[in-house]
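Engineer: Sequence first, predicted coordinates after that:
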Amino acid sequence: MADLSLVLAPQVPADHIAIEKLDERAFGPGRFARSAYRLREGVAPDYHLSYVARVGTLLVGANRMTPILCGDQPALLLGPLSVEPAFRSGGIGEALVTKSLEAARAAGHKLVLLVGDMAYYGRMGFKPVPEGRLKFVGPVDPERLLYYELAESAIEDINGPITRIH
């Protein structure tokens, strides 16, 4: 019988089509209108920090880490985090986020941002960005703009617009 345990592996360019199909199933066509998508559009993920989850050969989850700027300071944008609907609530999303945060810390990054729900990401240590500290491109509910410090007090040096790295 085949081993069907969960395997996390760094994303590779060849995963792109399968991840796009997963994102379509998880988020639908409205994902292109989201402000966070604008920061990622046309920018390759950091493949050393972005992961996929597989059960056997089936891709069941993926996350992306994209380099961004917060003011003049480098940071990372986490997302999208997508999990195949039939595999949700099994810890796959949390495992992907944890793996990416560990890799980002090991690579010397200091700060990760995301747009998401505090109820979910707060369990992993994310906190709301202090009001007025960062300005997101496009409309974003300020309560959904979250951060995770990979280095102590990393948020203290950050302010200004959140922009793409070209």
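Structural biologist: Everything's here; your move. Numbering: from 1, shown residues only.
Engineer: List the beta-bridge partners for the most centrally placed residue in the chain.
Structural biologist: By CA atoms, centre = their mean, the chain has its centre lying nearest to Leu78, at 2.0 Å. Beta-bridge pairing for Leu78 (DSSP bridges): Met65.
Engineer: same question, the one 5 residues further on
Structural biologist: Beta-bridge partners of Val83, counted by DSSP bridges, are Gly61.
Engineer: residue boundaries of the strands in the chain?
Structural biologist: 6-10, 51-55, 58-70, 73-83, 111-115, 127-128, 134-135, 145-149, 160-164 (DSSP state E).
Engineer: still on that earlier bit, for the residue nearest to the centre of the chain, what are its contacts?
Structural biologist: 63-65, 97, 100, 112-114, 148 (CB atoms under 8 Å, 6 or more residues apart in numbering). Bear in mind the C-beta positions are built from the backbone N, C-alpha and C, glycine included.
Engineer: sorry, back to before: need the strands of the chain in JSON lines with mean pLDDT and distance to Ala18, can you?
Structural biologist: Converted to JSON lines, the strands of the chain look like this (pLDDT from 0 to 100; distance: least, CB to CB, whole Å):
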{"stretch": "strand 6-10", "mean pLDDT": "94", "distance to Ala18": "12"}
{"stretch": "strand 51-55", "mean pLDDT": "94", "distance to Ala18": "8"}
{"stretch": "strand 58-70", "mean pLDDT": "93", "distance to Ala18": "5"}
{"stretch": "strand 73-83", "mean pLDDT": "92", "distance to Ala18": "11"}
{"stretch": "strand 111-115", "mean pLDDT": "94", "distance to Ala18": "22"}
{"stretch": "strand 127-128", "mean pLDDT": "96", "distance to Ala18": "32"}
{"stretch": "strand 134-135", "mean pLDDT": "87", "distance to Ala18": "32"}
{"stretch": "strand 145-149", "mean pLDDT": "95", "distance to Ala18": "27"}
{"stretch": "strand 160-164", "mean pLDDT": "89", "distance to Ala18": "25"}
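Engineer: Mind checking those strands for the one nearest to Pro45?
Structural biologist: strand 58-70 (4.3 Å; CB to CB).
Engineer: Send me that closest one as CSV with only the CA atoms.
Structural biologist: Output of strand 58-70 as CSV, limited to C-alpha atoms (Å, rounded to 0.1, in the frame of the first residue of the first chain):
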residue,chain,number,x,y,z
LEU,A,58,-1.6,15.1,-5.1
LEU,A,59,-0.8,18.7,-4.4
VAL,A,60,-3.2,19.6,-1.5
GLY,A,61,-1.8,22.9,-0.3
ALA,A,62,0.6,25.7,-1.1
ASN,A,63,1.8,29.0,0.2
ARG,A,64,3.9,31.8,-1.2
MET,A,65,6.4,34.2,0.3
THR,A,66,7.0,37.3,-1.9
PRO,A,67,9.6,40.0,-1.2
ILE,A,68,8.1,43.4,-0.6
LEU,A,69,9.2,46.8,0.9
CYS,A,70,7.7,48.4,3.9
